[in-house]
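# Predicted structure and sequence below. I'll ask about it afterward.
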Amino acid sequence: MANRPVAACILAKHYNSSTERAIYSALKFDLEVYLGLTHDNIDLCTQTNIHVFSICWENDFAKAKNSFFSRVKNPFILWIDSDEELFSFPKIDWNKLQENIFYIRHQFNSRFTPRICSQMHRNHPDIFWERKIHEYITTKHDALYLSRFLSSVVIRHHGYEDQTTMMQKHARNLHIAESDEQHEKSYVVNLVRLRNELASGQFDFLAWLNCYAWAKRETNLNRAVTHHEFEPALRLCMAGYARPAQECALINPTHILIQLALLTYDYKYNKKIDEDRLLFIETCLTEGLYDVYEDLPHTLLGADANKILSYIKVWANEWKDSVMNNYEWVEQKEIIFNNNIQLIRNDCISEENFHPDVLLMNMETKKVVVLNTASSILWQMLAPTIAWYELHEILQQVYPPALLNDAINSSKALFNVLLAAGIIRVEENVNEAASSLIGLAE
């Protein structure tokens, strides 16, 4: 078998029709193929013009891929998953390339445009894969991370075309993630857990918020072409909290899904259309100015304002709210504010700060309330409990008469929302309130 410049390395659990498709797609571009099987006997492979060997599977994708290196002698390595196919590959004088890491176009799903990712590198002892799940190419020395975009290399992925397969992969990824002793400290491992929960209909708002914070810390502009925090920001916006998505839109204005999420947020919660944002999105989609590192639904390509508005109206109906808003307690029994009531924090509350907001979540109902600076001060006054007449007196001391009524009404609205979300409870304490009033009268 002639040694060729590029080796196509395929890691597969089984030898089946999907694996055959991946092998054939590489062979038709005259690449040398290496197939590592983790669960099937290599004798099951009927291909005679490729290298086939067994891989010891230890719940670690990076370790499995790195085990190829002792067998591959080709100067360059292209990685193809067993549920992928090489769609396009160019004729290149590989001797003239000076770079070590190569970005290619990868179509994650047939309904989406391809995005750019790194699946190819020079065969060098100091270039390797890292991380058990969602592995990535890295180097021992930063000087080796010299990269290039090979736009004519296109890989199509077929593994996420149906819901059943996606659920199976989420479960597999979670199993691998939880086998990592350091899994609680890893952003990616926690992202895998959250994706698995989301696929089964669960949404932990504060966990996604923490995921966003971790992702911001792990983003490395020298090594990553996308920002990890965009996915949790999108999920949080879809749950009713837009501030992280607003941050991401400033980082990368041409990330269309983030821009669409913010447009949808305004439509759903503020009952308005941000005309400037709509025009910006329309220009990006009609003139091809969107970020090539993200994938977009094909239906959005070239979309004008009317089509964009139709898209966000459908999307808005699919969003599952987690954040409580003022209108959500209208149908419920409102608090009767009198001197006999006490406002008490419930025990099952988790609190997170996301400057300048404070976010409260009822751990049982998963309902969330976002507090601004003024509301946060009121929340602090409830530690551990406070009577309404006491709070009323404090407001009288803080606000001038012209603003007092507005402050009182805003406080009442906040406490009704906190009650509806299960963040606080209200109890009557007639004796204590009465004795306090007598004391004030004296």
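Cool, got the structure.
# same question for the helix ranked longest in the chain, mean pLDDT?
Using DSSP state H to assign secondary structure, the helix with the most residues in the chain is helix 401-420. Regarding helix 401-420, the rounded mean pLDDT is 92.
# quick one: buried residues of the helix or strand just after that helix?
Moving toward the C-terminus from helix 401-420, the next helix or strand (DSSP states H and E) is strand 424-428. Neighbour counts using 16 or more other C-beta atoms under 10 Å place 424, 426 of strand 424-428 among the buried residues. Yep, even glycine has a C-beta here, placed from its N, CA and C like the rest.
# same check, this time on stretch 59-79
Buried residues in stretch 59-79 (16+ other C-beta under 10 Å): 60-65, 67-69, 72, 74-79.
# For those residues, work out which two are farthest apart.
Pairwise distances across the buried residues of stretch 59-79 peak at 26.0 Å for 60 and 75 (criterion: C-beta to C-beta).
# for the stretch 301-442 of the chain, what spans make up the helices?
Assigned by DSSP state H, counting those that start in this stretch, the helices in the stretch 301-442 of the chain fall at 305-318, 373-381, 388-398, 401-420, 430-441.
# JSON lines please, covering those and showing distance to residue 239 and mean neighbour count.
Shown next, in JSON lines, are the helices of the stretch 301-442 of the chain (distance: least, C-beta to C-beta, whole Å; neighbours: other C-beta atoms under 10 Å):
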{"stretch": "helix 305-318", "distance to residue 239": "12", "mean neighbour count": "14"}
{"stretch": "helix 373-381", "distance to residue 239": "19", "mean neighbour count": "15"}
{"stretch": "helix 388-398", "distance to residue 239": "30", "mean neighbour count": "15"}
{"stretch": "helix 401-420", "distance to residue 239": "16", "mean neighbour count": "16"}
{"stretch": "helix 430-441", "distance to residue 239": "38", "mean neighbour count": "11"}
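# And the ones you listed: which comes nearest residue 284?
helix 305-318 (10.2 Å).
# And for that closest one, what's in contact with it?
Identification of contacts with helix 305-318 by C-beta atoms under 8 Å, 6 or more residues apart in numbering yields 260, 263-264, 267-268, 273, 278-279, 281-282, 285, 299-300, 303.
# Quick check on those: which are buried?
In those, the ones that pass as buried (16+ other C-beta under 10 Å) are 260, 263, 264, 267, 268, 278, 281, 282, 285, 300, 303.
# Can you tell me which of those comes closest to residue 164?
Residue 164 lies nearest to residue 300 out of these, by C-beta to C-beta, at 26.0 Å.
# residues touching that closest one, list them.
Residue 300 is in contact with 256, 285, 307, 308, 311, counting by C-beta under 8 Å, 6+ apart.
# Apply 6 Å and report the result again.
Neighbouring residues of residue 300 by C-beta atoms under 6 Å, 6 or more residues apart in numbering: residue 285.
# Next, give phi and psi for it.
Residue 300 adopts backbone torsions of phi -90, psi -10, taken as degrees, to the nearest 10.
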